[in-house]
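Model the structure of this input:
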Amino acid sequence: MYELFILGELMTGEKHGYMLQDVLKNSVGLGRKISSGTLYPLLSRMTDAGWIHLRVEEETKGGRTRKIYEITNAGAERFVELMASPFDSNWDIETQYTFRFKMVYFQYVTQELRIECLNQYLQLLVKSLKTVSDFEFYLQTNKPEPEKQRVQLLRVFDHRKRLAETEMQWVKEEIERVQAQED
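Below you'll find the model as predicted:
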């Protein structure tokens, strides 16, 4: 997920590490941050892999050096690979973040790939909704104890179903919108 983010951000132009960290922090929200101890080793590995190029500049204020990263041709190819790679079949927060990152960088891939990505995500939503509905049916049918917990679980599942249905509708509309665009 972080590779996709970094390469996607560098598709927009060169950036220094602090800027990448700041943009990522603002992209994923309050509950998740990428530490320097995660980001900079990843940037080093991506540089070693030839996906990004590092240029070191002298900073005028304070005399500190500034590391500027830019994407290479190999990095642009890796970016398209990551955009085309299927989502993990498990529905989790990583999948949701990955989808959001892919959506941000849709302008750098073909219409066909955008539609494929949206369809994959839609299928995961359908699968997730089925899992929730199946367990909801189990709770309603078997009425396990304690009743107060079962009732509250049913409320939670109702919430999850409504979120999934809303998101599914949005993705379907987005598929139609992308299909109607001229590439």
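
wait, is residue 77 part of a helix?
Yes. Assessed with DSSP: H, G, I helix; E, B strand; the rest coil, residue 77 lies in a helix.

mind checking how far it is from residue 115?
21 Å (Cβ to Cβ, to the nearest Å). In short, each C-beta sits where N, CA and C put it, glycine included.

Please say which of these two ends up with more neighbours.
residue 115 (16 against 13; other Cβ atoms under 10 Å).

contacting residues for the closest residue in space to that one that isn't next to it in sequence?
For residue 115, ignoring the flanking residues on the chain, the nearest one in space by Cβ to Cβ, 6 or more residues apart in numbering is residue 178 at 5.6 Å. Residue 178 makes contact with 106, 111, 114, 115, 118 under the criterion Cβ atoms under 8 Å, 6 or more residues apart in numbering.

What residues does the fourth one make contact with?
For residue 115, the set of contacting residues under the criterion of Cβ under 8 Å, 6+ apart consists of 175, 178, 179.

from those, which ones fall inside helices?
175, 178, 179 (DSSP state H).

could you dump these to CSV with distance to residue 102 and pLDDT?
Compiled in CSV, these are given as follows (distance: Cβ to Cβ, whole Å; pLDDT from 0 to 100):
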residue, distance to residue 102, pLDDT
175, 14, 97
178, 12, 96
179, 17, 96
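
Rebuild those residues as a markdown table, extending it with distance to residue 63.
Formatted as a markdown table, these follow (distance: Cβ to Cβ, whole Å):
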| residue | distance to residue 63 |
| --- | --- |
| 175 | 52 |
| 178 | 48 |
| 179 | 54 |
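
what does the worst-scoring helix or strand of the chain on mean pLDDT contact?
In the chain, no helix or strand scores lower on mean pLDDT, DSSP states H and E than helix 17-28, which sits at a mean of 82. By Cβ under 8 Å, 6+ apart, the list of residues contacting helix 17-28 from outside reads 2, 5-6, 9, 15, 33-34, 36, 39-40, 43, 67, 69, 97, 100-101, 104.
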